[in-house]
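Novice: A structural model of the following input is requested.
(2 chains)
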There are 2 protein chains.
Amino acid sequence: MIDQNTRFLIVGLGLIGGSYAMGLKKKGYHVDAIDIQEESISYALQNNLIDHGSTYDTALIQQADIIISALYPKAMVTWIKNNQKHMKPHAFISDVSGVKSGIVEEIQNFLRDDLHFCASHPMAGKEVSGVQNADDTIFHSANFIITPTAKNTQQDISCLKDLAHILEFSHISILTLEEHDTMIGFLSQLTHVIAVSLMNTNDNTHLVDYTGDSFRDLTRIAKINENMWSELFFLNKDILIQEIDSFMKEVENLKTKLVEHDEEGLKTLFRQSTKRRKLFDR
Amino acid sequence: MIDQNTRFLIVGLGLIGGSYAMGLKKKGYHVDAIDIQEESISYALQNNLIDHGSTYDTALIQQADIIISALYPKAMVTWIKNNQKHMKPHAFISDVSGVKSGIVEEIQNFLRDDLHFCASHPMAGKEVSGVQNADDTIFHSANFIITPTAKNTQQDISCLKDLAHILEFSHISILTLEEHDTMIGFLSQLTHVIAVSLMNTNDNTHLVDYTGDSFRDLTRIAKINENMWSELFFLNKDILIQEIDSFMKEVENLKTKLVEHDEEGLKTLFRQSTKRRKLFDR
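Specialist: Reported below is the predicted structural model:
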């Protein structure tokens, strides 16, 4: 479905949008981009990440075979709603959003019948943002998750698999919207809750000189883009609250072993975590 | 106080004891060792980490100018109590224990008047144990903490500073026993509680394929030596329970922002953690 004549349009030239553009251009595809920031477009043009770009140009939308929204989820909904009228018949749209439920159904409900939207999530990132930090190699060791619904076809899934191969993702998974959001709630959002909360526990800044690698590793993700993550948290609120509750129950459980001086109980928890964590070693 | 004639005795040839031996031998010092495991002694001799070693030899104790206990804290108390009668007058003793209060006062209370014990803590480690993994370079980017009491002299502190320089620690700090244990309770023990509890939250092993770097970083220390860490946790129980409570209060606080859909409150927490974490960047 993707061939050398396929024209891509990236909407939103941030870190991820820019990295998609970079990876696609390297493979010889035609890539256009729309971004509200003039300087992001200029940077992308100067660095050969895109063929054409504009802060807004309906011609670029009309010409696109595949449109990738790399906007925040809510901004994406609005943008597709407002701009689907410019899209060519049978254009294919996907995204990069970190939360799927709610967003995907809403788009599929208002989408023109002759357009195709199938959601996907590149599980890659950096602690820095912006097209200036674009780097398509972040995808090479990452998972690409496709989250089709009943409205999607095998062709939609194949198209996204092609995209994942072009961008050299190391692993492709297919999950339902709910499976995706539950997995993300635990692996990604809960870990950010923990890092942020640990960093906010006490004023610990006088401890900088004593800090070893384990504290640094645990709090690395406490440097967090507040606008993106608050949007993602609220979109996945119910699942995230459940995950927080499960985690707190487990911390409470460990605390009880300490309070009751239950040495064997504590060691059992340590043995379980050790055994499980070993499965996650690469 | 330490010169080229100084004879060191390492008691307990595990990862840290072995790494001390390695670092001291590289600088040309005479290093002996005692360990209950014959194979640890053989390994250390074969690999030139020590000059002499034995599973138990009072002559090695008698000859030592500086004795470093690299035993677990409780085993150290017993060992020093049983063996101080063999030590030469004015021998200097230190340790590597991760918890100080209780242990240090106990030793200083029963110690012969002509012996010197000043506690210290090399804040370095690895996820593997045993003398076979000894590596003195783990100290080169690490902090060396000296925890003197009113019973210690400036000479004791100078001796430990010399030791830290010989082993090439990057930073030396002096803390009271309580300051040390509070710092360790937060930076080291609480982080292990979090990693273990996160790993034990749900049976998450089916998520291996989706796991990114942030989850791996956060749970790396969930692989944990159950005997050492349960001893350290119980020795620092009161402080650790306080730290757990402070952390859980902070998680609860973030959860409340979610439940109440307090977007500005959530962003404020994100901004605080981001600002604080930046101070910890190297």
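Novice: ranges for the strands of the stretch 151-282 of chain A?
Specialist: Secondary structure of the stretch 151-282 of chain A (DSSP state E, counting those that start in this stretch): strands located at A:171-174.
Novice: sec struct for residue A:89, please.
Specialist: The three-state label given to residue A:89 by DSSP: H, G, I helix; E, B strand; the rest coil is coil.
Novice: shouldn't it be in contact with residue A:114?
Specialist: Yes - the pair residue A:89 / residue A:114 is scored as a contact, 4.7 Å apart, by CB atoms under 8 Å. In this view, the C-beta of every residue, glycine as well, is placed from N, C-alpha and C.
Novice: quick one, which of these two is more surrounded?
Specialist: Counted by other CB atoms under 10 Å in any protein chain shown, residue A:89 and residue A:114 do not tie: residue A:114 has more neighbours, with 11 against 8.
Novice: that one: what's it in contact with?
Specialist: If you count contacts by CB atoms under 8 Å, 6 or more residues apart in numbering or on different chains, residue A:114 has them with A:89-90.
Novice: rerun that using 10 Å as the cut-off
Specialist: Going by CB atoms under 10 Å, 6 or more residues apart in numbering or on different chains, residue A:114 touches A:84, A:87-91.
Novice: of those residues, buried ones?
Specialist: Among the contacts of residue A:114, those that count as buried by neighbour count (16 or more other CB atoms under 10 Å in any protein chain shown) are A:84, A:87, A:91.
Novice: what is the nearest of the contacts of residue A:114 to chain B?
Specialist: Distance to chain B across those (CB to the nearest CB) is lowest for residue A:84, with 28.2 Å.
Novice: and the gap between the closest one and residue B:118?
Specialist: For residue A:84, the distance to residue B:118 equals 74 Å [CB to CB, to the nearest Å].
Novice: contact residues of the stretch 1-150 of chain A facing chain B?
Specialist: Neighbours of chain B within the stretch 1-150 of chain A, by CB under 10 Å from any CB of the partner chain: A:121, A:123-125, A:127, A:141-143, A:145.
Novice: next, give me the two most distant ones among the contacts of residue A:114.
Specialist: Spatial extent of those (CB to CB) is set by the pair A:84 and A:90 at 12.5 Å.
Novice: what sits in contact with each of those two?
Specialist: Counting by CB under 10 Å, 6+ apart, the residues touching both residue A:84 and residue A:90 are A:114-115.
Novice: in chain A, where is pLDDT below threshold?
Specialist: Residue ranges of chain A with pLDDT under 70: A:282.
Novice: the domain parsing of it - what is it?
Specialist: Following automatic domain parsing, one gets these domains for chain A: A:7-175, A:179-278.
Novice: so which of the ones you listed is nearest residue B:172?
Specialist: domain A:179-278 (10.2 Å).
Novice: that closest one: end-to-end distance?
Specialist: Distance between the two ends of domain A:179-278: 24 Å, counting by CA to CA, to the nearest Å.
Novice: how far is it from where the chain is centred?
Specialist: Taking CA atoms, centre = their mean, to the nearest Å, one finds the center of domain A:179-278 at 20 Å from the center of the full chain.
Novice: ok, residue A:103 - contacts?
Specialist: A:73-74, A:76-77, A:95, A:97, A:119, A:177, A:181, A:235.
Novice: tell me the one of those nearest chain B?
Specialist: Looking across the contacts of residue A:103 and measuring by CB to the nearest CB, the closest to chain B is residue A:235, at 11.2 Å.
Novice: can you count the residues close to the closest residue to that closest one other than its chain neighbours?
Specialist: Nearest non-adjacent residue to residue A:235, counting by CB to CB, 6 or more residues apart in numbering or on different chains: residue A:99, 4.2 Å away. Residue neighbour count, defined by other CB under 10 Å, stands at 26 for residue A:99.
Novice: what about stretch A:181-195, start to end distance?
Specialist: Taking CA to CA, stretch A:181-195 runs 20 Å from one end to the other.
Novice: cool, and stretch A:218-230?
Specialist: 20 Å.
Novice: check whether that stretch contacts chain B.
Specialist: Yes - Stretch A:218-230 reaches chain B (CB under 10 Å from any CB) through A:218-230.
Novice: selecting buried members of those in ChimeraX, what would you type?
Specialist: Per 16+ other CB under 10 Å, the buried members of the residues of stretch A:218-230 next to chain B correspond to this ChimeraX selection:
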select /A:218,219,220,221,222,223,224,225,226,229,230
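Novice: looking at the residues of stretch A:218-230 next to chain B, which are in helices?
Specialist: A:218-219, A:226-230 (DSSP state H).
Novice: in JSON lines, list the residues you listed along with distance to residue B:260.
Specialist: Formatted as JSON lines, these follow (distance: CB to CB, whole Å):
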{"residue": "A:218", "distance to residue B:260": "27"}
{"residue": "A:219", "distance to residue B:260": "25"}
{"residue": "A:226", "distance to residue B:260": "17"}
{"residue": "A:227", "distance to residue B:260": "19"}
{"residue": "A:228", "distance to residue B:260": "21"}
{"residue": "A:229", "distance to residue B:260": "17"}
{"residue": "A:230", "distance to residue B:260": "13"}
